[in-house]
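> I'd like to go over a predicted model; first the sequence, then the structure.
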Number of protein chains: 4
Amino acid sequence: MSAPRASKRALQALLDRSAFVAGWGFRVKSVSDEACTVMLPWREELARPGGVVNGPAFMALADCAMWLAIKRRLGIEQDAVTADLYTAFLAAARRETVYCTARILKLGKRLVYGVAECHDARGRLFTHHTITYARIGA
Amino acid sequence: MSAPRASKRALQALLDRSAFVAGWGFRVKSVSDEACTVMLPWREELARPGGVVNGPAFMALADCAMWLAIKRRLGIEQDAVTADLYTAFLAAARRETVYCTARILKLGKRLVYGVAECHDARGRLFTHHTITYARIGA
Amino acid sequence: MSAPRASKRALQALLDRSAFVAGWGFRVKSVSDEACTVMLPWREELARPGGVVNGPAFMALADCAMWLAIKRRLGIEQDAVTADLYTAFLAAARRETVYCTARILKLGKRLVYGVAECHDARGRLFTHHTITYARIGA
Amino acid sequence: MSAPRASKRALQALLDRSAFVAGWGFRVKSVSDEACTVMLPWREELARPGGVVNGPAFMALADCAMWLAIKRRLGIEQDAVTADLYTAFLAAARRETVYCTARILKLGKRLVYGVAECHDARGRLFTHHTITYARIGA
């Protein structure tokens, strides 16, 4: 019932020691029980022809933001894996930092479902995602 | 009508000079008008806790395989960007090479829709994807 | 630029004269530029074994609510057709009226993308949908 | 392990006694362990403006075809409910019978994932669906 809430610091430490996401350079911007926001700072290798952020970068960011939103709620020790992820690409991001805010809509015993949005610093939408995670050990 | 078909060699060269995918180390395995298969060789940084390939790697691979399937049909010069991508994660890949085979189901004037499957060397399914690309300049 | 906003009355009249949705008995509850809410009153034929509302009813309702949200913004005369629709079924509805609230996230020149949520009178979520419509004549 | 395979006749009888699908007039065309094909005969009430089959009809048909594909494999007594359903609308169907062929890609202990395609008698594609069912009692 009352799982220990993971702090922003604990979530950033988790990212830093997770080799599979470390390459992206994600930074936790804010976290609460309602939403988790993660940043992807711009760097040149993210550029698709034309200087826009490549699609997989958004999907990796959304997947990570939801993963942290779940860790926040269930505790760092509890794990879950992505069961499905849908992404709609709405607008291009050009040589700029991308933010992603994930929100859990249903925290079930076996499945967790939520929405993630990638946006700029003022809230303009780049991508919209729906994500289902399956709880491990559930 | 009769666009020049991009060869396997031309598609691999495209990958090699595209910084945004170069980091993954994708290799074109085979290409025809019906399907395009791309490989992601295993390396330790792909590992999620537990030694399984992380989710974004499959999505990046599927996105890339469909991109090349479209380039094959329309020619290297023609470009298209991902409009939406749905991924179902069906089974874990453990410290092994992942293959992804993309097939175009509809090649429209503005939108291209297709399916991609990530699998092992014997065809066992890891992930299943549906992808819509929007043609640029269309 | 300044398309004539369709009124709640005009949208209900559209539903009433559209044979393909008339069978569902949908009622427009409220409409604004931000959101459109449509009701599906309970009736016994909607029941799946166990007395819960069957899945296609939610999808038809979501599709309809987004259609009206678009008509609201573009005017009754402008039409658009569903390009893709994703539905996550989160909780069962039991012998009760279902409400669906649709919101447009991107109103593009060719594609319209938005989110629809089916819920009860107090906001409890039954299903969550993402929907892309393609504008006709665009 | 060796569940009793449901016959075509048993599946049609299931449809006929299920009020929530009976209104559509679905007919089982063929069924095997690999695929299940269900027909939606044309009737005027299916028409969207312009005389094309309305979107929810395809989604209901796909949902039904997958439901029967699962019943075939698990037995009529075992039930499962739709967890998520993605539909891409690729081409319009005009005053004609629509066929839908569903195939299971993963039959898990808790989740079943598959693909359904709506097409005409010669195989031309109208819609493409991915569907996840959750097994009840699992």
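In hand now; what should we look at? On a predicted model such as this, the values are computed, not experimentally measured, just so you know.

> any low-confidence regions in chain A?
Along chain A, the model assigns pLDDT under 70 to residues A:1-3, A:138.

> Name the residues of it found near chain D, please.
A:83-84, A:86, A:110-111, A:132 (Cβ under 8 Å from any Cβ of the partner chain). All C-beta atoms are positioned from the backbone trio N, CA, C, and that covers glycine.

> Quick check on the residues you listed: which are buried?
With burial judged by 16 or more other Cβ atoms under 10 Å in any protein chain shown, the buried subset of the residues of chain A next to chain D is A:83-84, A:86, A:111, A:132.

> Let me see the ranges of the strands in chain A.
Using DSSP state E, the strands found in chain A span residues A:27-31, A:36-40, A:47-48, A:52-53, A:80-89, A:98-107, A:111-119, A:125-135.

> Check the offset of the fourth one from the chain's centre.
This means strand A:52-53. Offset of strand A:52-53 from its chain centre (Cα atoms, centre = their mean, to the nearest Å): 18 Å.

> Spell out which residues sit in contact with the closest residue to residue A:92 other than its chain neighbours, please.
Counting by Cβ to Cβ, 6 or more residues apart in numbering or on different chains, residue A:52 is the residue found nearest to residue A:92 once chain neighbours are left out, at 4.1 Å. Residues near residue A:52 by Cβ atoms under 8 Å, 6 or more residues apart in numbering or on different chains: A:92-94.

> now those residues: which count as buried?
residue A:93.

> Out of the contacts of residue A:52, which is nearest to chain C?
Nearest to chain C out of those is residue A:92 (Cβ to the nearest Cβ; 12.5 Å).

> The closest one contacts residue A:53, doesn't it?
Yes. Residue A:92 is within contact range of residue A:53, at 7.3 Å (criterion: Cβ atoms under 8 Å).

> Need the overlap of contacts for those two.
With Cβ under 8 Å, 6+ apart as the test, residue A:92 and residue A:53 both reach residue A:126.

> Can you give me the neighbour number for the closest residue in space to residue A:81 that isn't next to it in sequence?
With sequence-adjacent residues excluded and distances taken as Cβ to Cβ, 6+ apart, residue A:81 is closest to residue A:134, at 5.7 Å. As a burial measure, residue A:134 scores 17 neighbours (other Cβ atoms under 10 Å in any protein chain shown).

> Quick one: residues contacting residue A:134.
Neighbouring residues of residue A:134 by Cβ under 8 Å, 6+ apart: A:80-83, A:110-112.

> can you do 10 Å?
Applying Cβ atoms under 10 Å, 6 or more residues apart in numbering or on different chains to residue A:134 gives the contacts A:80-84, A:108, A:110-112, B:89, D:110-111.

> wait, isn't residue A:59 in contact with residue B:60?
Yes. Counting by Cβ atoms under 10 Å, residue B:60 is a contact partner of residue A:59 at 7.6 Å.

> higher neighbour count, those two?
residue A:59 (30 against 24).

> Could you find the closest non-adjacent residue to that one?
residue B:59 (4.7 Å).

> Tell me what angle the longest helix anywhere in chain A forms with strand A:111-119.
Under DSSP state H, the helix in chain A containing the largest number of residues is helix A:55-74. Following axes from the mean of the first three to the mean of the last three Cα atoms, to 10 degrees, one obtains 130 degrees for the angle between helix A:55-74 and strand A:111-119.

> Can you give me the buried ones in helix A:55-74?
With the criterion 16+ other Cβ under 10 Å, helix A:55-74 contains buried residues A:55-74.

> now residue A:122: how far from chain D?
Distance of residue A:122 to chain D, given as Cβ to the nearest Cβ, to the nearest Å: 31 Å.

> Please list the residues of chain A that sit near chain C.
A:84, A:86-91, A:105-106, A:108, A:111, A:113-115, A:117, A:125, A:128-132 (Cβ under 10 Å from any Cβ of the partner chain).

> Surely residue A:125 and residue C:106 touch.
Yes. When contacts are counted by Cβ under 10 Å, residue A:125 is listed as touching residue C:106 (7.0 Å).

> shared neighbours of the two, anything?
A:88, A:90-91, C:113.

> Tell me the most packed of those residues, by neighbour count.
Of the shared contacts of residue A:125 and residue C:106, with other Cβ under 10 Å as the count, residue A:88 tops at 26 neighbours.

> Confirm for me that that one is in contact with residue C:112.
No. With contacts counted by Cβ under 10 Å, residue A:88 stays clear of residue C:112, the gap being 11.2 Å.

> okay, and the common contacts of these two?
Joint contacts of residue A:88 and residue C:112 (Cβ under 10 Å, 6+ apart) are C:105-106, C:131-132.

> shouldn't residue A:114 be in contact with residue A:72?
No. Under the criterion of Cβ under 10 Å, residue A:114 is not in contact with residue A:72, lying 11.6 Å apart.

> so what sits against both of these two?
Joint contacts of residue A:114 and residue A:72 (Cβ under 10 Å, 6+ apart) are A:35-36, A:102, A:104.

> which one of these is nearest chain C?
Comparing these against chain C with Cβ to the nearest Cβ places residue A:104 closest, at 11.2 Å.

> what sits opposite the nearest residue to residue A:126 once chain neighbours are set aside in the beta ladder?
In this structure, residue A:126 finds its nearest non-sequential neighbour in residue A:118, 4.4 Å apart by Cβ to Cβ, 6+ apart. Beta bridges link residue A:118 to residue A:100, residue A:127, judged by DSSP bridges.

> Touching, residue A:118 and residue A:125? I think so.
Yes. Residue A:118 lies in contact with residue A:125 (Cβ under 10 Å); the separation is 7.4 Å.

> quick one: contacts for the residue nearest the centre of chain A?
In chain A, the residue lying closest to the centroid (Cα atoms, centre = their mean) is residue A:65, at 1.6 Å. Going by Cβ under 10 Å, 6+ apart, residue A:65 touches A:26, A:28-29, A:31, A:35-40, A:99-103, A:114, A:116-118, A:129, A:131.
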